[in-house]
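1. Attaching a predicted model along with its sequence, questions to come.
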Protein chains: 6
Amino acid sequence: MTDGSNAFTRPSGRAPDQLREVRIERGFTRHAEGSVLVSFGGTRVLCTASVENRVPAFLRGKGEGWVTAEYGMLPRATHTRSDREAARGKQGGRTLEIQRLIGRSLRACVDRKLLGERTITLDCDVLQADGGTRTAAITGAYVALVDAINGLVASRAIKLPGGGRSPVFGAVAAVSVGIYRGVPVLDLDYAEDCDCDTDMNVVMNDGGGFIELQGTAEGHAFRRDELAAMTALAEAGIARLVEKQREALAG
Amino acid sequence: MTDGSNAFTRPSGRAPDQLREVRIERGFTRHAEGSVLVSFGGTRVLCTASVENRVPAFLRGKGEGWVTAEYGMLPRATHTRSDREAARGKQGGRTLEIQRLIGRSLRACVDRKLLGERTITLDCDVLQADGGTRTAAITGAYVALVDAINGLVASRAIKLPGGGRSPVFGAVAAVSVGIYRGVPVLDLDYAEDCDCDTDMNVVMNDGGGFIELQGTAEGHAFRRDELAAMTALAEAGIARLVEKQREALAG
Amino acid sequence: MTDGSNAFTRPSGRAPDQLREVRIERGFTRHAEGSVLVSFGGTRVLCTASVENRVPAFLRGKGEGWVTAEYGMLPRATHTRSDREAARGKQGGRTLEIQRLIGRSLRACVDRKLLGERTITLDCDVLQADGGTRTAAITGAYVALVDAINGLVASRAIKLPGGGRSPVFGAVAAVSVGIYRGVPVLDLDYAEDCDCDTDMNVVMNDGGGFIELQGTAEGHAFRRDELAAMTALAEAGIARLVEKQREALAG
Amino acid sequence: MTDGSNAFTRPSGRAPDQLREVRIERGFTRHAEGSVLVSFGGTRVLCTASVENRVPAFLRGKGEGWVTAEYGMLPRATHTRSDREAARGKQGGRTLEIQRLIGRSLRACVDRKLLGERTITLDCDVLQADGGTRTAAITGAYVALVDAINGLVASRAIKLPGGGRSPVFGAVAAVSVGIYRGVPVLDLDYAEDCDCDTDMNVVMNDGGGFIELQGTAEGHAFRRDELAAMTALAEAGIARLVEKQREALAG
Amino acid sequence: MTDGSNAFTRPSGRAPDQLREVRIERGFTRHAEGSVLVSFGGTRVLCTASVENRVPAFLRGKGEGWVTAEYGMLPRATHTRSDREAARGKQGGRTLEIQRLIGRSLRACVDRKLLGERTITLDCDVLQADGGTRTAAITGAYVALVDAINGLVASRAIKLPGGGRSPVFGAVAAVSVGIYRGVPVLDLDYAEDCDCDTDMNVVMNDGGGFIELQGTAEGHAFRRDELAAMTALAEAGIARLVEKQREALAG
Amino acid sequence: MTDGSNAFTRPSGRAPDQLREVRIERGFTRHAEGSVLVSFGGTRVLCTASVENRVPAFLRGKGEGWVTAEYGMLPRATHTRSDREAARGKQGGRTLEIQRLIGRSLRACVDRKLLGERTITLDCDVLQADGGTRTAAITGAYVALVDAINGLVASRAIKLPGGGRSPVFGAVAAVSVGIYRGVPVLDLDYAEDCDCDTDMNVVMNDGGGFIELQGTAEGHAFRRDELAAMTALAEAGIARLVEKQREALAG
């Protein structure tokens, strides 16, 4: 138990409101319409965007597209080897939960009418895990998605309306926040994640609106003021992540 | 779009901060150590608590117990029949996500050392669905859990320490909140759930602490003030649900 | 070992030819076209009938309908908790056997040409088990089926031929019989089921014809006279069950 | 519709109470402790008995053995090719139902205490199907079972008690009966099976006791007198099958 | 360890370049368009060819046919009973590998344009195993395939072009070779297979061309001269197998 | 058809006996005991070696270790997206075949007695595919395996015998060869792989011995001289790959 003041140190030595080093590397692999290796410190996720000219059965003939995600973790992305889900014959609950979250988050910034009858699948595969894989995945997948849609626009597969508005509106990024030893902190790494009282994943757009908020009390229940402190940290962190996304897309 | 004032009406005619009629019926079935039929309006969930004298492999020999949950929906609990998960050969992502949520929520009020090397499984099966099945399930499962643990205490299978403190500390209940036609509302039913901008499930304890918070923007991203309004509604609603739980347990 | 005369008592105190209390409660849930909670003593099964305007592939374009059943047991319907089949990833042999039996039994009273290209699925979910779940399920599912088909007729989705003959002809009900401590008895409960020499499930129509007969010698092989005694008991029992069905449908 | 008298002919030209040609060939394959190819006319089933020195979990340490069965049909045992169950990833309901029937039937003639902590698995694989595969399987599996147990006795793995009583008591055989064009007939072949009103599988022991009786009305419900006629045919047929088993075992 | 000269003996007493007794029995079962029981000594495989008037999705509308294979092993084909793949719920890696090999091998001798939009499935089920099941399967499946295609030609379902060239060109057969105790040997039986240094399966056509070659060093890596010796043995063995196939087809 | 002389060109412009650029990057991820990113031109495979202090059931108590492999392909490693095997619920035949090949190949250079009761799992995940993924995987996995075993030796978890001989003896590498437009070529890329007559994967050790040889005629059957030409190419290519492995391990 700490007093949260000067005695407090994070395992990584970061300040409470400090992100890990974030890198967004476009074009990491060659075949996908968008391919991004995103790193939040030691967490590295390969995010690819694949375009297919078909939609799921429930959307056929409706003139709209679909954006979905799949998530996987290489067996030895983690400290100890975990089973390969393909070998076990099913995806675990955590995997399904995360890929549903990624899909919902990215759909929040796409005009599916403008996309047309196409599916964009965002595959997020964790090469190395050190906490925060889902938030890194969302942040990176956004960039892969923009690359894929820009490609469709450039090739005139998608024809934009008068004002040239892209099917992607705004930006979406995500970060975790938590209460670690009594102190609200931004962007938890694995050491903090294992030992924190509350863990919250926040997805926001570049206008400061919340898209997803998932908080879990691990040890003690969190209070309203702690919630406010965490969402403020997240808001500031996501603003910086959106900036990183812009730099990457401009690069 | 509404102004949220006098023009606003919920499909059910309820006030924005009004719960549906809540009923908690103990002893609904005979074999389980706890068996509760909980209704939040038209949503009816059978919650049973089963005690087994074994723990999962990762806890063996550690002197603590485990609390876990499984969730199911009868195929025709819903407006149109959905596939039986047992026949399809797997539980869907939504099911896994919900049962993980129920398990985490209930573990938050159990002292697993005092429970001893036992597993309590909370089976939450939806007989009829009208929105809010997961929050009804958590609220009802808490009562089934208390019944099961009281049974262990009464039979002296669990011996309490000096002060007589039960392995269950505090109460846990859950409710959904959302933004429906621009207005924050409590305890969404199916008609509202299909047509709202934001949907948030909140799990709290009787001390007003947050245990889980899962918010999703369906249409537009929600702002900080909307988050505050929703959590305030949830806080009031959960206080009333905790009261209902107490009445049921006293009955 | 008993002599089968005056010393003989059933665990429940019933006479050898006495049914348990039978209750048939229509409209137990709201969404299904037919919804019946049937009780044979402590055995309670929720039977819903769902109508869908499509048929399995092998019937497409043939102008006939289909009637099928699915059976499930809630994990804690029984004395000790059994695994959830959805979680195990498959339905067991017993489940498949029972749902095939229910489906065949109900198809025996439906004119599938008159039904038209529709499927009626009878979901039979055991909320509480005390022996005889499959016979209760058949008896209750018949009532749910009639309700669903009457709804189709009332809404003129099905147009009846000249004489107004319904797609349902006759009634179908089921009961178990057995040899318990040397004495043929009707409608075995769980205590008898665990300890009997022979267990037979009988499905009959209201004309006294056999639709299904499944007898199993648990301890010693049964003789021809025992078979005759058991089928006579079943015949009388089913006549009373058909009466109960009529009362419920008239109610 | 026929009058059942002189105009009546079975597709095979057999008399109503006539079995098909039955052949029981021991030692068909080399590795199993018992290996029998049984033919009922064009139906040919390979039945092997495998002995293993272990029992299922529910019997461990109880000093008794277990007898179980598995059933399969080669994909092209039938007129048109059916899917390979191993490729589809699960055994169908019919398969599970049949193998449960075979297992129960054979357990009815084994003293599991004398067998000791061993499992005998009867694998019944249909090489060619022409109706009645389950009854041929039971009839053949009995012979394979006796061979396997005689081998255990001969090698003194099983030590018999004073009187030398074998762990196998009596004989078990099975046959189908039905109502074909109004006439009760014995041992239905595929042509009859597709076109009959009632189909009943009967398993009996050599003392004339019923072990299993499974009758299904395909077209119209059967009456009590038809049941009596069918069981009488079965009784006579099984007596002849038991004779065939004795000859094979003596051969 | 042997010197490979006169002291050398194979467990079966065969010469190094001697095949086991090979028998090819056509028409073993009745329903399939081709049905062959092939024996390589104690290895017996039932190979059926089934014709269906449809092709897999990837070939639809292309005017060509497909040839594919499935492989299975009866649970007690082997010394000790192995699990039934249908019961385990999946085919093992070895099974999939073998059936892919059989399919590729047989496709190598079929003109799929001439076959037309049909699928021929070769089911190879091992009734008794004593080494070399996959090579026996390929050798026997070829004969079943020819029977099936000859049937299509005879019934004029396939109309041959001017010269009357059959959709089957050439013959395909397979044999194993290996290094056993330092000596290259032909057609390994189980005793040799368990104890050899190298095991190679060779599929060739009647023109002496290689279709598949799969060699595995079990103990020590094999040298180029050993490879040459093994392929020479295989070439001679396959020539004799092709002769056996011709005799069977002529018989 | 080409004459294989001056008119011949490979899609990549390489000489027939020329490998693609090979890169072996150790320490690509942080948690695994060995982690190698291997590239054969555009084919990039992440190979990790994980050490666990347990062995499969069939080896328990025998004092030896185990080396095994798993193989996966990220969904968008390829030109068009393929299904995620974890989502489909099973690994395909090709995947199982490849991972069995990798496992056998690497076991060929490990003294499992010296390894002790440990399992080393080689996970080979294809990040980008351009032909030859299995040969790149074997070549890279060898380096990861050596790193993992050297770690065990360095930490004295494995104590070497007198002479200091490592549990890894020799080196293992793999390459594909084929007949492309009539010319034997080394190390096929995807463009060649799709359009070649024969494709052969060769695994050898550093002593020039064959460990695995898997050749498939895609178009026409290959002759003995073509086999010789291909194995000679492979031998030279593997010598160069072994040199690359040495450089990487020395680096």
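-> Happy to help now that I have it.

2. Regarding residue A:239, what are the backbone dihedral angles?
-> Main-chain dihedrals, residue A:239, degrees, to the nearest 10: phi -60, psi -40.

3. Show me what residue of the stretch 1-150 of chain A gets nearest to chain C.
-> residue A:90 (7.5 Å; C-beta to the nearest C-beta). (Each C-beta comes from the backbone N, C-alpha and C, glycine too.)

4. Likewise for the stretch 151-251 of chain A?
-> For the stretch 151-251 of chain A, C-beta to the nearest C-beta, closest residue to chain C: residue A:216, 22.5 Å.

5. Just to check, that residue is in contact with residue B:104?
-> Yes. Residue A:216 lies in contact with residue B:104 (C-beta atoms under 8 Å); the separation is 6.4 Å.

6. Who has more neighbours out of the two?
-> Counted by other C-beta atoms under 10 Å in any protein chain shown, residue A:216 and residue B:104 do not tie: residue A:216 has more neighbours, with 22 against 19.

7. show me the contacts for that one.
-> Taking C-beta atoms under 8 Å, 6 or more residues apart in numbering or on different chains, we find residue A:216 in contact with A:198-200, B:104, B:211-212.

8. Mind checking which of the residues you listed land in strands?
-> Among these, DSSP state E puts A:198-200, B:211-212 in strands.

9. With adjacent residues omitted, what lies nearest to residue A:209?
-> residue B:221 (2.5 Å; C-beta to C-beta, 6 or more residues apart in numbering or on different chains).

10. list the contacts for the one you found?
-> Residue B:221 neighbours (C-beta under 8 Å, 6+ apart): A:108, A:204-205, A:207, A:209-211.

11. can I assume residue A:28 is in contact with residue A:36?
-> Yes. Between residue A:28 and residue A:36 there is a contact under C-beta under 8 Å: 6.3 Å.

12. tell me, what's touching those two both at once?
-> Common neighbours of residue A:28 and residue A:36 (C-beta under 8 Å, 6+ apart) are residue A:46.

13. So between these two, which is more surrounded?
-> Shown here are residue A:28 and residue A:36; by other C-beta under 10 Å, residue A:36 has more neighbours (30 against 19).

14. circling back: how about exporting the one helix or strand the residue of the stretch 151-251 of chain A closest to chain C maps to as CSV, limited to the C-alpha atoms?
-> Per DSSP states H and E, residue A:216 falls inside strand A:210-217. Extracted C-alpha coordinates of strand A:210-217, given in CSV (Å, rounded to 0.1, in the frame of the first residue of the first chain):
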residue,chain,number,x,y,z
PHE,A,210,-16.1,7.3,-25.6
ILE,A,211,-16.7,4.4,-27.9
GLU,A,212,-16.0,1.6,-25.3
LEU,A,213,-15.3,1.6,-21.7
GLN,A,214,-14.6,-1.7,-19.9
GLY,A,215,-13.5,-1.5,-16.3
THR,A,216,-12.9,-4.3,-13.9
ALA,A,217,-12.2,-4.1,-10.2
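
15. What's the mean pLDDT across that strand?
-> Averaging pLDDT along strand A:210-217 yields 97.

16. Next, residue A:182: phi, psi?
-> phi 90, psi -10.

17. what's the spacing between it and residue A:195?
-> Relative to residue A:195, residue A:182 is positioned 12 Å away (C-beta to C-beta, to the nearest Å).

18. Equivalent analysis for residue A:164, please.
-> 49 Å.

19. More neighbours: the two, which one.
-> residue A:195 (14 against 7).

20. Residue A:180 is in contact with that one, correct?
-> Yes. At 7.1 Å, residue A:195 counts as touching residue A:180 under the criterion of C-beta under 8 Å.

21. got the residues of chain A near chain C?
-> Selection of chain A residues close to chain C by C-beta under 8 Å from any C-beta of the partner chain yields residue A:90.

22. Helices of chain A, start to end?
-> A:85-88, A:93-107, A:112-115, A:133-154, A:190-193, A:224-250 (DSSP state H).
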